[in-house]
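> I would like to see how this sequence folds:
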Amino acid sequence: MNGRTIVLDHIGEREAAAYMIDGQLDDLLIDDLDAPRPGAIFRAICDRPLKGQGGMMLRLPDGEKAFLRYSKGLRPGQPMLVQVTGYAEGGKAVPVTDRVLFKSRYVIVTPGKPGINVSRQIDDEQRDRLLELAHSAHDSEHGLIVRSCCAAADVAEIIEDIEAMNTLADAIMAEGNGTHPEALTEGDGPHTVAWREWTGRADVVTEAGSFEHLGVLDQIEGLSDPMVVVGEGSMFVEPTRALVAVDVNTGGDTSHAAALKANLAACRALPRALRLRGLGGQITVDFAPMSKAHRKQVEQSLRAALKADPIETSMVGWTQMGLFELQRKRERLTLTRTLPEGV
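Predicted coordinates:
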């Protein structure tokens with residue numbers, strides 16, 4: 001299977017979407033049935049501040065708890081609108097933000113942040129055209145971001161999207177007051193996210209059973225193996241309770257040239273390995289032994305690979321022991337917690 005393909009299917013009762021490049025699984029979204037989706041919006045009730053962490057615990061519907069990273073100006077019992085930013089790990093509270101966004105295929109509406117901006121990925125001539133279009137269609141106090149896919153989009157579709165997102169934002173932002181926590185939006189499932197983020201650059205397959213017919217299930221099953229082949233070497237990606245440990249090996253060749261080659265290959269492969277396994281949090285990489293003079297080259301390769309990755313990841317740097325640390329946003333559940341038994 002050559003080219004780029006989006007496959008929309010189900011794994012058991014869970015909605016799922018796979019992004020394939022030349023038959024190789026490059027990205028994977030699987031719905032979770034037991035946790036709020038990232039992007040879901042709630043009216044939450046402030047519960048208690050966590051002074052040591054500088055945050056606030058919030059009450060969500062059905063007894064669930066959320067955590068907001070700061071509590072300045074907030075008081076227990078106060079209602080507020082929050083949006084889920086990721087999945088809770090190990091029984092912790094659901095991470096949320098009070099910076100609510102309304103994201104669609106063509107635009108992002110940003111309440112509380114007025115102004116109109118156009119993606120910098122669009123050339124200047126197109127930017128001017130889209131900026132004029134946005135000003136004529138966006139009659140709202142909310143801010144607006146015009147996404148890069150608008151460069152090739154139909155004008156009527158962009159205008160329709162702007163109007164729909166403004167209507168939704170107005171309705172939800174009016175629900176901020178109340179004495180009880182309430183779910184206001186469910187967040188987007190894998191199929192909706194795939195249509196929004198991936199379409200326009202790939203063929204789409206929607207037939208039931210496509211995951212099995214196109215080999216997606218076999219590749220998902222292979223992700224349970226921590227070993228990832230990187231050129232002539234290997235990389236082991238293993239999550240623990242505290243962090244994700246990554247170990248890079250050269251194989252039989254222990255020369256300096258082999259070490260650098262394996263480390264550069266590992267840098268290129270690491271974002272995909274983490275993305276497909278749904279891993280986030282603290283990432284600690286033990287690269288194959290190499291000269292300190294090669295560290296900058298390895299950092300540049302890793303930075304370039306992360307730039308193309310959709311999940312926010314910060315490069316923290318080298319430790320005194322020669323390990324490299326990253327901090328990755330927990331946008332997805334780990335694969336082992338997402339899949340039903342037998343997959």
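> can you give me the helices for the protein?
Along the chain, counting by DSSP state H, helices occupy 124-137, 155-173, 190-197, 210-213, 216-222, 256-277, 295-307, 335-338.
> Show the average pLDDT along the third one.
For helix 190-197, the mean pLDDT works out to 94.
> Just give me the neighbour total for residue 236.
15 (other C-beta atoms under 10 Å). Bear in mind the C-beta positions are built from the backbone N, C-alpha and C, glycine included.
> what's the distance between it and residue 225?
9 Å (C-beta to C-beta, to the nearest Å).
> quick one: strands adjacent to the top strand by length along the chain?
Secondary structure of the chain read by DSSP state E shows that its longest strand is strand 41-50. Strand 41-50 sits in its sheet next to strand 55-59 (antiparallel), strand 79-84 (antiparallel), strand 182-185 (antiparallel), going by DSSP bridges.
> got those strands as JSON lines, with distance to residue 116 and mean neighbour count columns?
Below are the strands paired with strand 41-50 laid out as JSON lines (distance: least, C-beta to C-beta, whole Å; neighbours: other C-beta atoms under 10 Å):
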{"stretch": "strand 55-59", "distance to residue 116": "31", "mean neighbour count": "22"}
{"stretch": "strand 79-84", "distance to residue 116": "21", "mean neighbour count": "21"}
{"stretch": "strand 182-185", "distance to residue 116": "23", "mean neighbour count": "16"}
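> Quick one: closest of these to residue 215.
strand 79-84 (32.1 Å; C-beta to C-beta).
> how far away is residue 52 from residue 66?
For residue 52, the distance to residue 66 - C-beta to C-beta - is 18 Å.
> Looking at these two, which is more packed in?
residue 66 (25 against 6).
> quick one on the thing from earlier: go through the helices of the chain and name the closest to residue 73.
Going by C-beta to C-beta, the one of these nearest residue 73 is helix 155-173, 18.6 Å.
> List of residues touching the closest one?
41, 81, 100, 102, 104-109, 111, 130, 133-134, 137-140, 142, 144, 146, 150, 184-185 (C-beta atoms under 8 Å, 6 or more residues apart in numbering).
> redo that, cut-off 7 Å
Contact with helix 155-173 is made by 41, 81, 102, 104-107, 109, 111, 133, 137-138, 140, 142, 144, 150, 184-185, as judged by C-beta atoms under 7 Å, 6 or more residues apart in numbering.
> cool, and stretch 317-333?
Residues outside stretch 317-333 that contact it (C-beta under 7 Å, 6+ apart) are 32, 38, 86-87, 89, 274, 278, 280-287, 295, 311-316.
> For the residue of the chain most remote from its centre, report the pLDDT, please.
The centre of the chain is farthest from one residue, residue 255, which by C-alpha atoms, centre = their mean lies 37.1 Å away. Turning to residue 255, the model gives it a pLDDT of 80.
> show me the residues around it that make contact.
Residue 255 neighbours (C-beta under 7 Å, 6+ apart): none.
> distance of it from residue 245?
25 Å.
> Got the confidence number for the nearest residue in space to residue 203 that is not next to it in sequence?
Closest residue to residue 203 in three dimensions, ignoring its sequence neighbours and counting by C-beta to C-beta, 6 or more residues apart in numbering: residue 5, at 5.2 Å. The model reports residue 5 with a pLDDT of 96.
> Report how many residues lie close to residue 5.
Residues contacting residue 5 under the criterion other C-beta under 10 Å number 21.
> Distance check, it against residue 274.
From residue 5 to residue 274 the distance is 22 Å (C-beta to C-beta).
> What of residue 131?
On the measure of C-beta to C-beta, residue 131 and residue 274 end up 36 Å apart.
> circling back to that earlier point, any idea which of the helices of the chain gets closest to residue 22?
When these are compared for distance to residue 22 using C-beta to C-beta, the nearest one is helix 216-222, at 12.5 Å.
> what mean pLDDT does that closest one have?
Helix 216-222 comes out at a mean pLDDT of 95.
> Please name every helix or strand in contact with that helix.
strand 24-30 (3 or more C-beta pairs under 7 Å, 6 or more residues apart in numbering; DSSP states H and E).
> Direction-wise, compare the strand it packs on with helix 190-197 and give the angle.
120 degrees (axes from the mean of the first three to the mean of the last three C-alpha atoms, to 10 degrees).
> so how far is strand 24-30 from its chain's centroid?
12 Å (C-alpha atoms, centre = their mean, to the nearest Å).
> For that strand, buried residues please.
25-30 (16 or more other C-beta atoms under 10 Å).
> can you redo these as a markdown table with distance to residue 123 and pLDDT?
Formatted as a markdown table, those follow (distance: C-beta to C-beta, whole Å; pLDDT from 0 to 100):
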| residue | distance to residue 123 | pLDDT |
| --- | --- | --- |
| 25 | 32 | 97 |
| 26 | 27 | 96 |
| 27 | 27 | 96 |
| 28 | 32 | 96 |
| 29 | 30 | 95 |
| 30 | 36 | 94 |
